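A.B. asks: Predicted model and sequence below, questions to follow.
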Amino acid sequence: MSTQPKTFFIETFGCQMNFHDSEKVIGTLIQQGYRQVETVEEADLIFYNTCSIRDKAEQKVFHRLADFKRLQQQGKQFAVIGCVAQQEGEKIFERAPHVAMVAGSASYHKLPEMLVQIGGGTRITGLDDRQTDKTFETEFTARSNPHRGYITIIEGCDKFCAYCVVPYTRGKERSRTSDSVLAEARQMADAGYTDIQLLGQNVNSYKDPLAKKSFAELLAAVGETPGIRRVRFTTSHPRDFTRDIVDVIDSVPTLCDHVHLPVQSGSTRVLAAMFREYTREQYLERIAWMRGTRNRDISITTDIIVGFPGETESEFEETLQLMDEVRYDGAFCFKYSARPNTPALKYDDSISEEEKSRRLQILMERQREIQRTNYNRHLYQTIEVMVEGENAARGQWIGRTSQNKTLNFTVANGSSAPRIGEYVYARVTKTLPNSLVGEMVGLTSYLAPST
Ligand code: SF4
């Protein structure tokens, strides 16, 4: 009998939550004696951590399964986990009979048992019925970046926006205790992490099960963890985005100058049809809080859907006007597409694809112009960046600012090169709509910023 450990390959689709779930799945598999490999061909067990937010993402996994079906004859096993697994359930076995495991994110805590079962040749489904209160906590997370890491603080979603599959694929909202989040933050700081991103589908809907801390208090406490220099959080829901969150960003220096606050539409009528539970005015009030901070220059980014069923030309214009008013530093813009099980399926989706594409194009061009101006105001500023990598071909280093902007910088001849994970100051010499270019002027401990 072979004493070699079993090997696994994992491919992840979709959002940061999925990416971080995969880090936890990888850690669990390694702890169970598996070894991670880089190709499907080398692996005994192949995992696809899937995304169903859009049809395209969903189809990708079925293409992969079809491409690699032939490998089943070599004794390889396939597992489909994540949102498509939860959404399609056992139908996946009909479409791809060679799949051995279908498991939604709410069942990952049972992964060790499920591995034993498929090892014994049993086909497994680990699906959630929205009843679970369990979160996937593990001490075995295999983080791929040694300086910057995620902590999930809340899983699932109870908002049921009319267009969104997430409440059906990730179960009900359930938060971890603030004690366990802070213990993980301390553990990460001890391991050398300086940048933490708190994650949740609606991160600011966080409710400490022991009622010890509000979301704002948890943010402050993570930010005050010795050794932590930057704290981010995503994604925020405007309905639960309260004033105390802005106040805490204003007063705790380690909390980053960036908030991603998806608006989805600038029209109150469309927002109501989307079941977003806030009006255009309430959204703009939250923007005003952020613009009114005393010590901060908060960069704001967003998500927008165009062509939602019934969106009129003038409602689309309202979205453009809102963009002009907020002047986002970034916007992920999408055309509406109908998703399974969602309430919007019942709406009359009569806006043509051409019209949706036209609106999307207008929106993206407008945003590009806004970003060009926004980024331009950084010209000649000296900004602190965390060094994330090197682009040797261009002779540049890649840095990330507190505002989550990429700043590619050069290092003068004779100066020592920065180390990855280090914080340095760079002076901006050129601006582009999506990034900044500059030159390093020193390590952050030696020079004060002049922004
Ligand atoms: S808040 Fe709305 S858009 Fe966000 S995950 Fe929940 S249902 Fe989806």
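C.D. replies: Done, it's in. Predicted model only: the values in this text are computed from it and were never measured. Residues are numbered from 1 along each chain as shown.
A.B. asks: burial measure for the residue of the stretch 201-350 of the chain found nearest the ligand, as a count.
C.D. replies: In the stretch 201-350 of the chain, the residue that lies nearest the ligand is residue 201 (4.4 Å; CB to the nearest ligand atom). From N, CA and C alone the C-beta is placed, and that goes for glycine too. Residues near residue 201, counting by other CB atoms under 10 Å, number 23.
A.B. asks: Confirm residue 351 sits in a strand?
C.D. replies: No - applying DSSP: H, G, I helix; E, B strand; the rest coil, one finds residue 351 to be coil, outside a strand.
A.B. asks: Can you name every helix or strand that the least confident helix or strand in the chain by mean pLDDT contacts?
C.D. replies: Every helix and strand of the chain was ranked by mean pLDDT, DSSP states H and E. The lowest is strand 124-126, at a mean of 80. Where contact means 3 or more CB pairs under 8 Å, 6 or more residues apart in numbering; DSSP states H and E, strand 124-126 is packed against strand 99-103, helix 111-119.
A.B. asks: quick one: contacts for residue 43?
C.D. replies: The neighbours of residue 43, taking CB atoms under 8 Å, 6 or more residues apart in numbering as the test, are 7, 8, 9, 37, 76.
A.B. asks: For the last one, give me its contacts.
C.D. replies: By CB under 8 Å, 6+ apart, the contact list for residue 76 reads 40, 43, 44, 45, 46, 68.
A.B. asks: I figured residue 117 hits residue 124, correct?
C.D. replies: Yes - assessed by CB atoms under 8 Å, residue 117 is found in contact with residue 124 at 5.2 Å.
A.B. asks: Of these two, which one has the most company?
C.D. replies: Neighbours per residue (other CB under 10 Å) separate residue 117 from residue 124, with residue 124 holding more: 18 against 15.
A.B. asks: ok, how many other residues are close to the closest residue to that one other than its chain neighbours?
C.D. replies: Using CB to CB, 6 or more residues apart in numbering and skipping residues adjacent in sequence, the residue nearest residue 124 is residue 101, 4.4 Å away. Here the number of neighbours of residue 101 (other CB under 10 Å) works out to 24.
A.B. asks: Could you look up the SS state of residue 219?
C.D. replies: At residue 219 the chain is in helix, as set by three-state DSSP.
A.B. asks: that older thread, look up phi and psi at the spatially closest residue to the residue of the stretch 201-350 of the chain closest to the ligand that is not a sequence neighbour.
C.D. replies: Nearest non-adjacent residue to residue 201, counting by CB to CB, 6+ apart: residue 157, 4.4 Å away. Note on residue 157: its backbone torsions stand at phi -160, psi 140 [degrees, to the nearest 10].
A.B. asks: OK, contacts around residue 157?
C.D. replies: 164, 166, 167, 170, 172, 173, 201, 202 are the contacts of residue 157 under CB under 8 Å, 6+ apart.
A.B. asks: Now list the buried members of these.
C.D. replies: Buried members of these, scored by 16 or more other CB atoms under 10 Å, are 164, 166, 167, 170, 172, 173, 201, 202.
A.B. asks: The nearest residue to residue 118 once chain neighbours are set aside: what's it in contact with?
C.D. replies: Among residues not flanking residue 118 along the chain, residue 100 sits closest, at 4.7 Å (CB to CB, 6+ apart). Contacts for residue 100 (CB under 8 Å, 6+ apart) come out as 77, 78, 79, 118, 123, 124.
A.B. asks: Quick one: neighbours of the fourth one, just the number.
C.D. replies: Here the number of neighbours of residue 118 (other CB under 10 Å) works out to 16.
A.B. asks: Quick check: it touching residue 102?
C.D. replies: No - contact criterion CB under 8 Å: residue 118 and residue 102 do not qualify, at 10.7 Å.
A.B. asks: hey, what's in contact with both of these two?
C.D. replies: By CB under 8 Å, 6+ apart, residue 118 and residue 102 have these common neighbours: 79, 124.
A.B. asks: Which element, helix or strand, includes whichever residue of the stretch 1-150 of the chain sits closest to the ligand?
C.D. replies: Of all residues in the stretch 1-150 of the chain, residue 53 sits closest to the ligand, at 8.3 Å by CB to the nearest ligand atom. Assigned by DSSP states H and E, residue 53 falls within no helix or strand.
A.B. asks: wait, it sits on residue 168?
C.D. replies: No - assessed by CB under 8 Å, residue 53 is found out of contact with residue 168, at 11.6 Å.
A.B. asks: in the stretch 351-451 of the chain, which segments are predicted with low confidence?
C.D. replies: 445-451 (pLDDT under 70).
A.B. asks: can you do 90?
C.D. replies: Applying pLDDT under 90 to the stretch 351-451 of the chain picks out residues 413-416, 442-451.
A.B. asks: Check the offset of stretch 104-118 from the chain's centre.
C.D. replies: 23 Å (CA atoms, centre = their mean, to the nearest Å).
A.B. asks: Could you check that stretch and say which residues are buried?
C.D. replies: Buried residues in stretch 104-118, defined by neighbour count with 16+ other CB under 10 Å: 104, 105, 106, 107, 108, 109, 111, 114, 115, 118.
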